[in-house]
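K.L.:
my questions concern the predicted model and sequence given below.
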Amino acid sequence: MLVSAKEMLNKARDGKYAVGQFNINNLEWTKAILLTAQENNSPVILGVSEGAGKYMCGYRTVVGMVNGMLEELKITVPVALHLDHGTYEGALKAIEAGFSSVMFDGSHYPIDENIEKTKEIIRIAGEKGVSVEAEVGSIGGEEDGVMGAGEIADPNECKLIADLGVTMLAAGIGNIHGKYPANWKGLDFDALAKIKAATGNVPLVLHGGTGIPADMIQKAISLGVAKINVNTECQLAFAEATRKYIEAGKDLQGKGFDPRKLLAPGFEAIKAVVKEKMELFGSINKA
Ligand SMILES: [Zn+2]
């Protein structure tokens, strides 16, 4: 059964580790992430962007697929199904369809409007026990058509949003979506410490987990980050493994064209990335 992200993230915050959010795109992705979580006895959050939700034929299809897998694969670790960077309308739709967690990304609105809309989502989600992530200060880079300038979040604005009762808070600290440029300055830990001091107990979320060096990840966790989003890294690993399979001509040998064979190396590559991240985040055996 899907659970909200609240309990797993509060435990992570108290235990000084982070739960990974891994974004899904299809059945193989979902199965790879769920099996890896189960094998490593780790809690996990499945992230779905609005674009990926559309691609997978809508939120109801996603909820049906994930719930079916939890049962058929006998998954017993805590799993949250989470809308990533939801719009106001998207968050309402995802809650209605059975998501156990939603992000309402109001970071592009003026702070007053972000507060009003976040408050309303918290009220509606609360009635169904659905956890809510809010965002202050846009995350840099592009994710599914959403562009962020990569601001450093204002700690006072973070406090205003955190005090609304959000389950977890994403705050820009120089992190960006996608691949990091060579001249990237790194995470702003002073900003993170100020945000943590201003927001108290709310678990913090680090977006754009792909390519952040391990020592920065660990420092971020020590400063209050309890959820880390990984998306691009699984995509790169899947693409690389699939390309190798085709370039080696394996699809031309025997029944190598069978999608269950063709997609297997990519599936295994996702599993390897997820396991590596769970080790780095410290969530193994924390289910
Ligand atoms: Zn993000």
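P.N.:
Nice, I can see it.
K.L.:
which parts of this structure are helices?
P.N.:
Using DSSP state H, the helices of the chain run over residues 6-15, 27-39, 50-55, 59-72, 88-97, 111-127, 155-162, 189-199, 214-222, 232-247, 259-262, 264-281.
K.L.:
tabulate those (a markdown table), appending mean pLDDT and mean neighbour count.
P.N.:
For glycine as for every other residue, the C-beta is placed from the backbone atoms N, C-alpha and C. What follows is those, written out as a markdown table (pLDDT from 0 to 100; neighbours: other C-beta atoms under 10 Å):
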| stretch | mean pLDDT | mean neighbour count |
| --- | --- | --- |
| helix 6-15 | 98 | 19 |
| helix 27-39 | 98 | 20 |
| helix 50-55 | 98 | 18 |
| helix 59-72 | 98 | 16 |
| helix 88-97 | 98 | 19 |
| helix 111-127 | 96 | 17 |
| helix 155-162 | 95 | 20 |
| helix 189-199 | 96 | 19 |
| helix 214-222 | 96 | 15 |
| helix 232-247 | 97 | 17 |
| helix 259-262 | 98 | 12 |
| helix 264-281 | 98 | 20 |
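K.L.:
roughly how far does residue 17 sit from residue 222?
P.N.:
10 Å (C-beta to C-beta, to the nearest Å).
K.L.:
kindly list the longest strand within the chain.
P.N.:
strand 79-86 (DSSP state E).
K.L.:
so for it, mean pLDDT?
P.N.:
Throughout strand 79-86, pLDDT has a mean value of 97.
K.L.:
show me how far that strand is from its chain's centre.
P.N.:
Averaging C-alpha positions (C-alpha atoms, centre = their mean, to the nearest Å) puts strand 79-86 7 Å from its chain's average.
K.L.:
how near is the residue of the chain most remote from its centre to residue 206?
P.N.:
Residue farthest from the centre of the chain, counting by C-alpha atoms, centre = their mean, is residue 254 at 38.2 Å. Taking C-beta to C-beta as the measure, residue 254 falls 44 Å from residue 206.
K.L.:
swap in residue 65?
P.N.:
Look at residue 65 and residue 206: by C-beta to C-beta, they are 27 Å apart.
K.L.:
circling back: tabulate the helices of the chain in TSV, adding columns for distance to residue 168.
P.N.:
Formatted as TSV, the helices of the chain follow (distance: least, C-beta to C-beta, whole Å):
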stretch	distance to residue 168
helix 6-15	5
helix 27-39	18
helix 50-55	19
helix 59-72	20
helix 88-97	14
helix 111-127	12
helix 155-162	9
helix 189-199	10
helix 214-222	14
helix 232-247	21
helix 259-262	36
helix 264-281	14
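K.L.:
residue 175 is nearest to which of the ones you listed?
P.N.:
Closest to residue 175 of these is helix 214-222 (C-beta to C-beta; 8.8 Å).
K.L.:
the closest one - contacts with which helices or strands?
P.N.:
Here helix 214-222 touches helix 189-199, strand 225-230, helix 264-281, going by 3 or more C-beta pairs under 8 Å, 6 or more residues apart in numbering; DSSP states H and E.
K.L.:
report the angle between it and helix 189-199.
P.N.:
20 degrees (axes from the mean of the first three to the mean of the last three C-alpha atoms, to 10 degrees).
K.L.:
and the contacts of helix 214-222?
P.N.:
Contact with helix 214-222 is made by 16-18, 173, 186-187, 189, 192, 206, 209, 212, 228, 280-282, as judged by C-beta atoms under 8 Å, 6 or more residues apart in numbering.
K.L.:
closest one of these to residue 56?
P.N.:
residue 209 (21.7 Å).
K.L.:
can you verify my assumption that the closest one contacts residue 227?
P.N.:
No: applying C-beta atoms under 8 Å as the test, residue 209 and residue 227 come out as separate, 9.6 Å apart.
K.L.:
so between the two, which is more surrounded?
P.N.:
With neighbours defined as other C-beta atoms under 10 Å, residue 209 and residue 227 compare such that residue 227 has more, 29 against 26.
K.L.:
just list whatever residues bridge to the closest residue to the more buried one other than its chain neighbours.
P.N.:
Once flanking residues are discounted, residue 227 sits nearest to residue 205: 4.4 Å by C-beta to C-beta, 6 or more residues apart in numbering. Note on residue 205: beta-bridge partners by DSSP bridges are residue 170, residue 227.
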